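In: quick one, structure for this:
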Amino acid sequence: AAYWVPHRRPKGERHAAHETSWTDLDSLPKSRLQQVLTKTTLKGDELALEAIQGRLHREAEIQQVFKHWEQLRQQDIREDFHRRQAYNDMLERMSGQPQRIQMGFCTVPETTERI
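Out: So this is what the prediction gives:
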């Protein structure tokens, strides 16, 4: 048979479910392909591909916006934590309590070991 893609074998040779002419266009001869793939069919395929490409582009933009929003949210949470920590430290100083030992981003409470 004269396949238009000779290195690909028809799917019908691999499994009986693929023996219809619409499931394997590679097995059709070129003259039959020209009858099946009309200008309207090819234009519809182009429109479908453009729609898929547009959707994938929008999804990629949404993912970028979401990642940026997550970074801003994390930064806002850190700033809020530091603001609250500064406020608590100010209250400790004003009340005369001994201040906590600062160990970078976290504080370690000074407690006794339990028995």
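
In: point to the residue nearest the middle of this structure.
Out: In the chain, the centroid-proximal residue (CA atoms, centre = their mean) is Q63; its distance is 6.1 Å.

In: secondary structure element for it, which one?
Out: Q63 belongs to helix 39-95 when assigned by DSSP states H and E.

In: list the contacts of E110.
Out: If a contact means CB atoms under 8 Å, 6 or more residues apart in numbering, then E110 has I101 as its contacts. (C-beta placed from N, C-alpha, C; glycine too.)

In: helix, strand, or coil at it?
Out: Following DSSP: H, G, I helix; E, B strand; the rest coil, the label given to E110 is coil.

In: and it, how far from R78?
Out: Separation of E110 from R78 (CB to CB, to the nearest Å): 25 Å.

In: so for the residue nearest to the centre of the chain, what's the pLDDT?
Out: Note on Q63: pLDDT of 97.

In: show me where pLDDT drops low in the chain?
Out: Low-confidence segments of the chain (pLDDT under 70): 1-15, 18-24, 26-27, 102-109, 115.

In: make sure L25 is actually in contact with R32.
Out: No - assessed by CB atoms under 8 Å, L25 is found out of contact with R32, at 9.1 Å.

In: farthest from the middle of this protein: give me that residue.
Out: Residue farthest from the centre of the chain, counting by CA atoms, centre = their mean, is G96 at 51.7 Å.

In: what's the closest non-adjacent residue to L25?
Out: Closest residue to L25 apart from its sequence neighbours, by CB to CB, 6 or more residues apart in numbering: L33 at 6.6 Å.

In: tell me which element that neighbour falls in.
Out: helix 30-36.

In: could the C-alpha coordinates of that helix be exported in PDB?
Out: The C-alpha coordinates for helix 30-36 follow below in PDB (Å, rounded to 0.1, in the frame of the first residue of the first chain):
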ATOM      1  CA  LYS A  30      -3.100  10.200  -0.700                       C
ATOM      2  CA  SER A  31      -6.000  10.400  -3.100                       C
ATOM      3  CA  ARG A  32      -8.400   9.300  -0.300                       C
ATOM      4  CA  LEU A  33      -6.900  11.800   2.100                       C
ATOM      5  CA  GLN A  34      -7.600  14.600  -0.300                       C
ATOM      6  CA  GLN A  35     -11.200  13.600  -0.400                       C
ATOM      7  CA  VAL A  36     -11.500  13.300   3.400                       C
END
